[in-house]
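Enquirer: build the 3D model from these lines:
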Amino acid sequence: MQRTLIAACVAGAALGAPASALDFSFEGGTLKEYYDDLQEAAPGLRLVVHPDVDWFMMPAVRLREVSSLAAVEAAARLHPAVSASWIADAEAPRDLERATFVVTVDPEELAELIDAELYARVFDLDFPGGTLGAFAEALREASEANVVVQGEIAEAEVPAMSLRRVSVGNVLRTLEDSGIEGGERFELHATGGEGGAEPLYMITSGAEGSGDEVAMIVLSLEETLEHGTLEADAVLGAVETAVELSGGECELRFHEPTSLLIVRGPEEALALVREVVREAESTAAARRLRD
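Expert: You can find the predicted model right below:
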């Protein structure tokens, strides 16, 4: 039987109204689990799914009165590396009930995704629900990643999650999609990972958007501390002194394994921190030349 491959984005315009509508609910998980559940919800659906879609995560969704094509394509559109198409039956090219849907993954984009630092490790995570601080602890235990929750946001409530074959990046994106109960704002940051060092993942309270808007910067002290010319405590002390004398306030955290200084505060104070770190780097370089 002859079949013709047609792009899904063209199919909707060509076919008009679907023959039947579908109600479908998914509680969240991998893209493969989404399509497995979709196949159960629509037993007559002809669906071919590439196994590598298991790398991608889907948030919980509720679809009401949608066509099979829309349900297949809705998930694929969330991920640039995933595409959905359909093969029309030549004998009934306008009949969706007899079409075969194909979900594929771009191999080059998938390879880049797997090689990226955020997706280097895959693990399972089961979280029964609780505070964001408890969520970060569960993520640390499951992934052995450096995860830090900063400030009062650690007491915010996170819903239960059961995730398979995920990376730290997947989990953090799922957290963004699922949200924190009460709608409390938060920000995610990933830094470091160069030169074989483990990356640092930070979850902080969202900026309030007031006149004294809060921001965050991450500065590398690796070159400044190289060869022990300056000690980390000396640099941090200089930063704290400068901020204190300026009358500003900042939150400082030094991540020793990556030599990263993470600072959160008003823009004026952050500009001062940058200047102090630059001067410390110049001092360290001068001492190395002198010695």
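Enquirer: for residue 163, give its distance to residue 171.
Expert: 6 Å (C-beta to C-beta, to the nearest Å). Quick note: C-beta positions are derived from backbone N, CA and C, even for glycine.
Enquirer: who touches both of these two?
Expert: Common neighbours of residue 163 and residue 171 are listed as residue 125 (criterion: C-beta atoms under 8 Å, 6 or more residues apart in numbering).
Enquirer: settle it for me: which of those two has more neighbours?
Expert: Counted by other C-beta atoms under 10 Å, residue 163 and residue 171 do not tie: residue 171 has more neighbours, with 25 against 20.
Enquirer: can you classify that one as helix, strand or coil?
Expert: helix (DSSP: H, G, I helix; E, B strand; the rest coil).
Enquirer: on the pLDDT front, check it for me.
Expert: Here, the pLDDT recorded for residue 171 equals 83.
Enquirer: residue contacts, it?
Expert: 125, 139, 143, 161, 163.
Enquirer: which residue ranges of the stretch 51-200 of the chain form strands?
Expert: For the stretch 51-200 of the chain, strands defined by DSSP state E, counting those that start in this stretch occupy the ranges 57-58, 61-66, 82-89, 100-105, 123-127, 130-131, 146-149, 157-158, 161-166, 186-191, 200-205.
Enquirer: and the first one, what does it pack against?
Expert: This means strand 57-58. Under the contact criterion of 3 or more C-beta pairs under 8 Å, 6 or more residues apart in numbering; DSSP states H and E, strand 57-58 touches strand 29-30, helix 31-41, helix 168-178.
Enquirer: what's the average pLDDT for that strand?
Expert: 80.
Enquirer: cool, the fourth one as well?
Expert: For strand 100-105, mean pLDDT is 89.
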